[in-house]
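Peer 1: sequence? don't have it. structure:
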């Protein structure tokens, strides 16, 4: 038995079932034993379908586990931030950077071969070699207010300071933007940022002051977040996703909504419907939302639903590697071919005739798949809960029940085949958690979500506001 694998186990069960059928046909088995053994073989098939699949290792290629790299998705009309293989960067970002550029001429005086004097010979061309360097400059700007005594009334009069000088020591906007960029944009740890600033300006800025820079920007971006939310509600499709996030040693969830060049992240204690209702974007939305078939999203019926094709393909790969079902292989091939066809078309969708043919092939594959899958025994009377089903059964039922959502990318040009956009926008949040461990308070976690949303939205436009 130690040398048996899942294929040989299934062959052995099939041989025993065949022998039993032969004995039954010869009349050597009573009706009571025949009914009992048929029920037993059905249970064995179900156990094999469930537990042999679960023994197969799942990874990013055959399950919903996220992968570090995602392929470029061209199945929808072009949207900023939707393509994963590089972005168009704005080369004019650093407009506040002071550039000191010099050009030195290396003159040719004599010929290296014959020593002829070339001082009066005209130059015909130049060959340039360049060196770029950075010199950090600490700018200290003092304002001295005069203090005088009035000879008439003996009053002490002091000169007025600029409106941005509230105390004896102020930090400039450039320093604040650099700190926020390190903390939020580059996900550097707070203590390391403090040490870096000290090495640059020779002044230790308290961690509380650094965090206050973040909170002030968080408050200033409240109006932008409201405007971005309002604009997102008018878009034809939204990519949505969520991921866990540790705050104060407790598990929270970051919910992301991505559409066009706008990315919005919200922190909430819950993952499901309670969080979605409180964020209040999907309940007011009437377009199409693209997600990974999370049941909380499917409970909203006023909007269309598109299921992530990457998740489906990975799950189909797992079913193929585990059971070798023909229906799973055919379904995977159908989805891949349709995605390729849609990506190459200029309209990013199929025509009516092509769509009808796709639906016919889709349903035929599921019909043949129902014959391949083992039967599910009826639920015993008096038992509570759902019957255990294999991953293949669950995936087949999902493809059957949500046909419209699976194929929406072929019908709606604004709906992409994958949900990679939302997953990509969440990826740096996981990096932040790995660097920081967790946030100390929810206040700073909310600030991180709003500021990172703004930075990601500006990056989708090829613009970095913290250095421009």
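Peer 2: Received, thanks. This structure is a prediction, so every number in the text was calculated from the model and none was measured. Numbers count the residues shown, from 1 in each chain.

Peer 1: list the contacts for residue 446?
Peer 2: Listed by Cβ atoms under 8 Å, 6 or more residues apart in numbering, the contact set of residue 446 reads 218, 267. In short, each C-beta sits where N, CA and C put it, glycine included.

Peer 1: Report pLDDT for it.
Peer 2: Here, the pLDDT recorded for residue 446 equals 96.

Peer 1: which sections of the chain are below the confidence cut-off?
Peer 2: The model of the chain has pLDDT under 70 over residues 1-8, 48-61, 63-71, 78-97, 464-468.

Peer 1: following the longest helix out of those in it, which helix or strand comes up?
Peer 2: In terms of residue count, the longest helix belonging to the chain (DSSP state H) is helix 31-54. Later in the chain than helix 31-54, the nearest helix or strand by DSSP states H and E is strand 147-149.

Peer 1: how far does that following strand sit from the chain's center?
Peer 2: 62 Å (Cα atoms, centre = their mean, to the nearest Å).

Peer 1: related to what we said a few turns ago, so which elements touch the longest helix of the chain?
Peer 2: helix 6-25, helix 309-323, helix 391-401 (3 or more Cβ pairs under 8 Å, 6 or more residues apart in numbering; DSSP states H and E).

Peer 1: Name the stretch among those that sits most buried.
Peer 2: By mean neighbour count, with neighbours taken as mean count of other Cβ atoms under 10 Å, helix 309-323 ranks first of these at a mean of 21.

Peer 1: tell me what it is packed against?
Peer 2: So helix 309-323, by 3+ Cβ pairs under 8 Å, 6+ apart, packs with helix 31-54, helix 326-344, helix 391-401.

Peer 1: So for residue 199, which of those helices sits nearest?
Peer 2: helix 326-344 (48.9 Å; Cβ to Cβ).

Peer 1: how close does residue 33 sit to residue 20?
Peer 2: 9 Å (Cβ to Cβ, to the nearest Å).

Peer 1: now residue 301
Peer 2: In terms of Cβ to Cβ, residue 301 sits 49 Å off from residue 20.

Peer 1: re earlier: quick check: which of the helices and strands packed on helix 31-54 is nearest to residue 266?
Peer 2: Of the helices and strands packed on helix 31-54, nearest to residue 266 by Cβ to Cβ is helix 309-323, at 22.4 Å.

Peer 1: between that closest one and helix 6-25, how many degrees?
Peer 2: With axes from the mean of the first three to the mean of the last three Cα atoms, to 10 degrees defining the directions, helix 309-323 sits at 60 degrees from helix 6-25.

Peer 1: Run the angle between helix 309-323 and helix 391-401 for me.
Peer 2: 140 degrees.

Peer 1: Tell me the gap between helix 309-323 and the middle of its chain.
Peer 2: 20 Å.

Peer 1: Over to stretch 23-34?
Peer 2: 58 Å.

Peer 1: cool, and stretch 368-383?
Peer 2: Distance, centroid of stretch 368-383 to centroid of chain: 36 Å (Cα atoms, centre = their mean).

Peer 1: now swap in stretch 30-50 and tell me
Peer 2: The answer for stretch 30-50 is 45 Å, by Cα atoms, centre = their mean.
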